[in-house]
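Undergrad: Model the following, please.
(chains A and B, ligands or ions: 3)
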Amino acid sequence: MTVSFSMTVNGKPVKGECEDRTLLVQYLREHMGLTGTHVGCDTTQCGCCTVHIDGIPMKSCTMLAVSADGCEVTTIEGLAKDGQLHPMQDAFRENHGLQCGFCTPGMVMSAIGIVDRHRGEKLDEKTVRHELEGNICRCTGYHNIVKAVLAASEVMNKA
Amino acid sequence: MYEFNYRKAASLDEAKDLFSKGEDAKYMSGGMTLLPTLKQRLARPSDVIDLAAVPDMSGIAVTGDTVSIKARTPHAVVAANAEVKKAIPALAKLAGGIGDPMVRNRGTIGGSLANNDPAADYPAAIVGLGATIHTDRRTIAGDDFFQGLFETALEEDELIIQVDFPIPDKAGYMKFPNPASRYCIVGVMVSSKGGNVRVGVTGAGACAFRVKEMEDALKANFAAEAVEKISIPDGDLNSDIHASAEYRAHLVTVMAKRAVAEANG
Ligand SMILES: Cc1cc2nc3c(=O)[nH]c(=O)nc-3n(C[C@H](O)[C@H](O)[C@H](O)COP(=O)(O)OP(=O)(O)OC[C@H]3O[C@@H](n4cnc5c(N)ncnc54)[C@H](O)[C@@H]3O)c2cc1C
Ligand code: FES
Ligand code: FES
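TA: Ligands and ions are numbered 1, 2, ... in the order given. Here you go, the predicted structure:
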């Protein structure tokens, strides 16, 4: 069986058609070629596949593509504007918040969610570590990831 | 994942109708348990009936002495709700400790209760606070809802609509999470309301249960010391690679003690 649906991906309207069982992450990667969103596990635990659905971070490996009908989806490819990296991407670069980079797209999408949830507050390390629990870095470079999130929160809260 | 037919229900009646027409249909709320199960090919439903478009299934109302949470309310919404935080802080804390932020953004209370994972958090709140579960056809007392491993009082096509939590005088929740999955190895919700005390335990047994001996001791003296010396028998408790039954029994006492201390804040 196939289903059809419409959504907005990184600001562009998309009319989708796929199998009922197609996951959102498969649709993004295999139908749209947006391979920045990664798949790191099959147990919904690693967070590599995190995208924003109507501005809220969710695991695209545990959501049907058809469930995104009517939603605004933002992937890592949709963050930079006019050739300018998003402040979170910039902070990951500045603070060496990545090693192999496999977990990074999910980390960045999830980290933006952390700053959004604490708008106007001064984030601390404990909060960031707790709220990054859904993202696993196999290079275990958490220290600089946390530094990057804290740095980006300063910039994002000023904007 | 095996093939299935995706159906989006626009109303409760349509959901039930689609359910009865499917050979082996399953409802889907947040999908945070259903989809991982399908991905592992542990289930093969003919139809997946999405409840996302059914109106009026999500939201929180705090009225008088009750916190009412509709079935499709995500854990993150419960955790962040200012009224819940004020009325039953232990419940907001419980919701905020489920899985991780992305799991909390999609997973819902109705899905969690219907699924009745022995290591889920919400069941501790249902028995520990004395909640009532409203379905599309009846009202079920929290104490009667969980019936065994992944087994509930729900009929096959029955839908959870809302959960009502009475607001206690005080309550505390403590969980010892599995460090990898964050599910409970043991979680304990303790509450006191007008001289009545409840101790609800999750993670330790096949499903959530109360500990009467602790409740009686706390009725006499609502202090952490009152439960310190009470240990529960480990005979029927879960035992797996994460924790032995004996260790879980020990954790029940430790978590209960901490939950009482938190309730006394
Ligand atoms: C990585 C990870 C970590 C997690 N950690 C925890 C944790 O620490 N603690 C914890 O408690 N949970 C945890 N969970 C589970 C999570 O809380 C799920 O969201 C929840 O158990 C199921 O809710 P759902 O809305 O996603 O339900 P779904 O997956 O959509 O459905 C689950 C079951 O309930 C049925 N159902 C759904 N809604 C209804 C309804 N209204 N009426 C009747 N039946 C219904 C479905 O048919 C299905 O059988 C975790 C999940 C993941 C993936
Ligand atoms: S790929 Fe989605 S959580 Fe691992
Ligand atoms: S940078 Fe390699 S997995 Fe995180």
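
Undergrad: Run a quick neighbour tally on the residue in chain B that ligand 3 sits nearest to.
TA: Checking chain B residue by residue against ligand 3 with CB to the nearest ligand atom singles out residue B:100 as nearest, at 15.9 Å. (C-beta placed from N, C-alpha, C; glycine too.) Each residue near residue B:100 was counted by other CB atoms under 10 Å in any protein chain shown, and the total is 23.

Undergrad: for the closest residue in space to it that isn't next to it in sequence, helix, strand, or coil?
TA: Take residue B:100 and drop its neighbours on the chain: the residue closest to it by CB to CB, 6 or more residues apart in numbering or on different chains is residue A:134, 2.7 Å away. Each residue gets one of three states, and residue A:134 gets coil by DSSP: H, G, I helix; E, B strand; the rest coil.

Undergrad: Phi, psi for residue A:134 please.
TA: Residue A:134 has phi and psi values of phi -90, psi 10 when expressed as degrees, to the nearest 10.

Undergrad: Next: the one 3 residues further on.
TA: For residue A:137, the backbone dihedrals are phi -110, psi 110 (criterion: degrees, to the nearest 10).

Undergrad: So which residues on the stretch 1-150 of chain B come close to chain A?
TA: Within reach of chain A by CB under 8 Å from any CB of the partner chain, the stretch 1-150 of chain B has these residues: B:1-6, B:8, B:31-32, B:35-36, B:38-40, B:48, B:50, B:52, B:80, B:99-103, B:105-106.

Undergrad: List only buried entries from those residues.
TA: Among these, the ones that count as buried by 16 or more other CB atoms under 10 Å in any protein chain shown are B:1, B:4-6, B:8, B:31-32, B:35-36, B:38-39, B:48, B:50, B:52, B:99-103, B:105-106.

Undergrad: how does chain A divide into domains?
TA: A:2-78, A:87-158 (automatic domain parsing).

Undergrad: quick one: average confidence on the longest one?
TA: Rounded to a whole number, the mean pLDDT of domain A:2-78 is 97.

Undergrad: Okay, strands next: where are they in chain A?
TA: Under the criterion DSSP state E, chain A carries strands at the ranges A:2-9, A:12-19, A:50-53, A:56-59, A:72-74.

Undergrad: Quick one: closest of these to residue A:123.
TA: Relative to residue A:123, the nearest member of the strands of chain A by CB to CB is strand A:56-59, separated by 15.7 Å.

Undergrad: Which among the domains of chain A is found nearest to ligand 2?
TA: Closest among the domains of chain A, using CB to the nearest ligand atom: domain A:2-78, at 3.2 Å.

Undergrad: what about the closest one and ligand 1, touching?
TA: Yes - for domain A:2-78 and ligand 1, the contact criterion (CB under 6 Å from any ligand atom) is met by A:44-45.
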